[in-house]
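A.B. asks: Got a sequence here, can you model it:
(4 chains)
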Protein chains: 4
Amino acid sequence: MEESKRSPEEVVKVMLERDRFTRWMGLEVEECRAGYCKLHYQVKDEMLNGFDIVHGGVLFSASDSALAFVCNVDGNITLALDASINFIRPAKPGERLTVEAVEVHRGRTIGVYEIRTTRENGELVALFRGTAYRTAKVLS
Amino acid sequence: MEESKRSPEEVVKVMLERDRFTRWMGLEVEECRAGYCKLHYQVKDEMLNGFDIVHGGVLFSASDSALAFVCNVDGNITLALDASINFIRPAKPGERLTVEAVEVHRGRTIGVYEIRTTRENGELVALFRGTAYRTAKVLS
Amino acid sequence: MEESKRSPEEVVKVMLERDRFTRWMGLEVEECRAGYCKLHYQVKDEMLNGFDIVHGGVLFSASDSALAFVCNVDGNITLALDASINFIRPAKPGERLTVEAVEVHRGRTIGVYEIRTTRENGELVALFRGTAYRTAKVLS
Amino acid sequence: MEESKRSPEEVVKVMLERDRFTRWMGLEVEECRAGYCKLHYQVKDEMLNGFDIVHGGVLFSASDSALAFVCNVDGNITLALDASINFIRPAKPGERLTVEAVEVHRGRTIGVYEIRTTRENGELVALFRGTAYRTAKVLS
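C.D. replies: Just a heads-up that it's a prediction; the model follows:
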């Protein structure tokens, strides 16, 4: 008997429940479907580095979570192999950031994703690209 | 009058005090001097993703903090421009990870850094490389 | 007296004359202006690897040349600090490839560029991102 | 009957014969075994960019070829998924460069490789990291 896959809505719900670091960041998923994911979060004080701007690791982490959403949404467990990020502009405490993930390519096992973090006025804060490996395992 | 620079020990102390996200991660700096930095942290539950392994963003963040330490230790404010990471092995809850940052190159304004995250048995968990820009500003 | 800058057309002409590797690749610049550059080349036999597809290094090189065009077009000498590339699909001998470079961000000294290589049918072959450093020197 | 694999020496010989771009670059393989590869090349005039230094694409290409050697040497066809490079120092016409590739990690299908390009005096010219995917196909 074939393992039944979860719906995109269920996958997002399950992932948010289980992913404690994504919960810590307070990521709110606005939209998540095959090939596209959009989420938001607010820069809180615990996310700041020593220069009172958001820590680069937080910008990376939120992008990496968006990658996880977009590439797991079809129910197959998919893992990031590597990723790179360019830090473009600082983000300040209290700012509400938007993270958009787009699937640039999807092969049989390898997918490539671009994730942009922007401010409310649309200015680019960070640009992330990741390569992910799709396993045969289904999210249970 | 020339601005006086802080000692490496002072820089680390000041950065740890001010960098709230580094404090949240619980990074303990074992050694930090020009060109080299070594730190440790324990994988806590809030750092896990939905697969019960450490979130890739946390591995990136600790590496990025190590980069910040090693490139700010001489007292000039230095910012990461971009960085990339390869995820090699998962890290489990409770594991104590070691992060070592090495300055590969230091030009007049641009520095290149490699940061390795390893398990207690020495196995590689993640490999990070970052490019940083050294400003003329001194850490006050 | 201020050094006079060359026009975009002159910069492209001078760069094509001087850049022997770009000439070897046979890159034809279709368009080049502030923030955007588009060029083409044909995959020739000397560009192939052992699997009879274009060598990844050639895909990188043409992207890197496009980056050089777009970031030098205003006449200030600009150097790539680092770059990354994802190889999406193979390109075959005889194919005519299009390379489009877009300036994602331009700060005072640092610029970020995305370069896409596509086949004639529009399929993505490679995705490149580079960080460049703008010097104060003017192209003479 | 199982397909018989070629010896490392045969793989290198076959790859050099078939890879026309590697031949164009004039890469000489000094050593190539599981997990490690060392090669050399001389910067020739056709490799120069408009600033009379070696084109970044050539530095990338030689590194990418070294990656191909080290990850194909056991006879399974392996393809680079993505790679990144930091340009550290320029290389001049006539310089003899050394390229060393090290396998940082090798999983069942994914390998991670670091490749350093150095001058004769040992100074670092470029730092490359690549992720490769190992297919089940044997080099015929």
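
A.B. asks: Tell me the helices and strands packed up against the helix or strand bottoming out on mean pLDDT in chain A.
C.D. replies: Using mean pLDDT, DSSP states H and E, helix A:8-18 stands out as the lowest-scoring helix or strand of chain A, at a mean of 88. Counting contacts by 3 or more C-beta pairs under 8 Å, 6 or more residues apart in numbering or on different chains; DSSP states H and E, helix A:8-18 packs against helix A:20-25, strand A:28-33, helix A:56-72. Placement of C-beta: from N, CA and C, glycine included.

A.B. asks: mind running it again at 10 Å?
C.D. replies: helix A:20-25, strand A:28-33, strand A:36-42, helix A:56-72 (3 or more C-beta pairs under 10 Å, 6 or more residues apart in numbering or on different chains; DSSP states H and E).

A.B. asks: CA atoms of that helix as CSV?
C.D. replies: Extracted in CSV, the C-alpha atoms of helix A:8-18 (Å, rounded to 0.1, in the frame of the first residue of the first chain):
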residue,chain,number,x,y,z
PRO,A,8,0.1,21.4,1.4
GLU,A,9,-1.9,22.9,4.3
GLU,A,10,-1.3,19.9,6.5
VAL,A,11,2.4,19.9,5.7
VAL,A,12,2.8,23.5,6.7
LYS,A,13,0.8,22.9,9.9
VAL,A,14,2.8,19.9,10.8
MET,A,15,6.1,21.6,10.0
LEU,A,16,5.2,24.7,12.1
GLU,A,17,4.2,22.5,15.0
ARG,A,18,7.4,20.4,14.9
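
A.B. asks: coming back round to it: who wins for proximity to chain C among the helices and strands packed on helix A:8-18?
C.D. replies: Evaluated over those, closeness to chain C peaks at helix A:56-72, with 13.4 Å, by C-beta to the nearest C-beta.

A.B. asks: Does at least one residue of that closest one sit close to chain C?
C.D. replies: No - Helix A:56-72 does not reach chain C (C-beta under 10 Å from any C-beta of the partner chain); its nearest approach is 13.4 Å.

A.B. asks: now swap in stretch A:107-118 and tell me
C.D. replies: Yes - for a cut-off given as C-beta under 10 Å from any C-beta, stretch A:107-118 has contacts with chain C, namely A:Gly107, A:Ile110, A:Val112, A:Tyr113, A:Glu114, A:Arg116.

A.B. asks: so where's chain A shaky on pLDDT?
C.D. replies: Scanning chain A for pLDDT under 70 picks out A:1-4.

A.B. asks: Check it for its longest strand and report it.
C.D. replies: strand A:124-138 (DSSP state E).

A.B. asks: still on that earlier bit, buried only: go through the residues of stretch A:107-118 next to chain C for me.
C.D. replies: A:Ile110, A:Val112, A:Tyr113, A:Glu114, A:Arg116 (16 or more other C-beta atoms under 10 Å in any protein chain shown).

A.B. asks: Restricted to strands, list those.
C.D. replies: Using DSSP E, these in strands are A:Ile110, A:Val112, A:Tyr113, A:Glu114, A:Arg116.

A.B. asks: need these in CSV with distance to chain D, can you?
C.D. replies: Output for those, formatted as CSV (distance: C-beta to the nearest C-beta, whole Å):
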residue, distance to chain D
A:Ile110, 6
A:Val112, 8
A:Tyr113, 12
A:Glu114, 13
A:Arg116, 18
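
A.B. asks: on that earlier part again, filter the buried ones among the residues of stretch A:107-118 next to chain C down to the ones close to chain B.
C.D. replies: Among those, chain B is touched by none when using C-beta under 10 Å from any C-beta.

A.B. asks: just those now: which is nearest D:Asp45?
C.D. replies: Each of these was scored against D:Asp45 by C-beta to C-beta, and A:Val112 proved nearest at 35.9 Å.

A.B. asks: Pull the contacting residues for the closest one.
C.D. replies: Residues in contact with A:Val112 (C-beta atoms under 10 Å, 6 or more residues apart in numbering or on different chains) are A:71, A:102-106, A:129-132, C:86-88, C:124, C:127, D:81-82.

A.B. asks: and if we set it to 8 Å?
C.D. replies: A:Glu103, A:Val104, A:His105, A:Arg106, A:Arg129, A:Gly130, A:Thr131, A:Ala132, C:Asn86, C:Ile88, C:Leu127, D:Asp82 (C-beta atoms under 8 Å, 6 or more residues apart in numbering or on different chains).

A.B. asks: Show me just the buried residues among these.
C.D. replies: Judged by 16+ other C-beta under 10 Å, buried ones among the contacts of A:Val112: A:Glu103, A:Val104, A:His105, A:Arg106, A:Arg129, A:Gly130, A:Thr131, A:Ala132, C:Asn86, C:Ile88, C:Leu127, D:Asp82.

A.B. asks: As CSV, those with distance to chain B would be great.
C.D. replies: Shown next, in CSV, are the buried ones among the contacts of A:Val112 (distance: C-beta to the nearest C-beta, whole Å):
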residue, distance to chain B
A:Glu103, 18
A:Val104, 16
A:His105, 18
A:Arg106, 19
A:Arg129, 9
A:Gly130, 9
A:Thr131, 9
A:Ala132, 10
C:Asn86, 12
C:Ile88, 18
C:Leu127, 14
D:Asp82, 9
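
A.B. asks: what's the neighbour count on A:Gly94?
C.D. replies: The number of residues packed near A:Gly94 is 9, by other C-beta atoms under 10 Å in any protein chain shown.

A.B. asks: Give me the nearest residue to it, chain neighbours excluded.
C.D. replies: A:Val43 (6.2 Å; C-beta to C-beta, 6 or more residues apart in numbering or on different chains).

A.B. asks: Show me what from chain A comes close to chain B.
C.D. replies: A:14-15, A:17-22, A:24, A:45-52, A:55-58, A:60-65, A:68, A:77, A:79-87 (C-beta under 8 Å from any C-beta of the partner chain).

A.B. asks: one step back: mean neighbour count and distance to B:Ala34 added to the helices and strands packed on helix A:8-18, as JSON lines?
C.D. replies: Listed next are the helices and strands packed on helix A:8-18 as JSON lines, based on neighbours: other C-beta atoms under 10 Å in any protein chain shown; distance: least, C-beta to C-beta, whole Å:
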{"stretch": "helix A:20-25", "mean neighbour count": "21", "distance to B:Ala34": "33"}
{"stretch": "strand A:28-33", "mean neighbour count": "15", "distance to B:Ala34": "42"}
{"stretch": "strand A:36-42", "mean neighbour count": "20", "distance to B:Ala34": "36"}
{"stretch": "helix A:56-72", "mean neighbour count": "28", "distance to B:Ala34": "22"}
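
A.B. asks: Looking at these, which is nearest to C:Glu120?
C.D. replies: Across these (criterion: C-beta to C-beta), the nearest stretch is strand A:36-42, sitting at 26.6 Å.

A.B. asks: Convert the C-alpha atoms of that closest one to PDB, please.
C.D. replies: Taking Å, rounded to 0.1, in the frame of the first residue of the first chain, the C-alpha atoms of strand A:36-42 are listed here in PDB:
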ATOM      1  CA  TYR A  36       6.200  29.200  -4.000                       C
ATOM      2  CA  CYS A  37       6.100  30.200  -0.400                       C
ATOM      3  CA  LYS A  38       5.700  33.600   1.300                       C
ATOM      4  CA  LEU A  39       6.100  34.300   5.000                       C
ATOM      5  CA  HIS A  40       6.600  37.200   7.400                       C
ATOM      6  CA  TYR A  41       8.200  37.900  10.700                       C
ATOM      7  CA  GLN A  42       8.900  40.700  13.000                       C
END
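
A.B. asks: Just want the angle from that strand to strand A:28-33.
C.D. replies: Angle, strand A:36-42 to strand A:28-33, by axes from the mean of the first three to the mean of the last three C-alpha atoms, to 10 degrees: 180 degrees.
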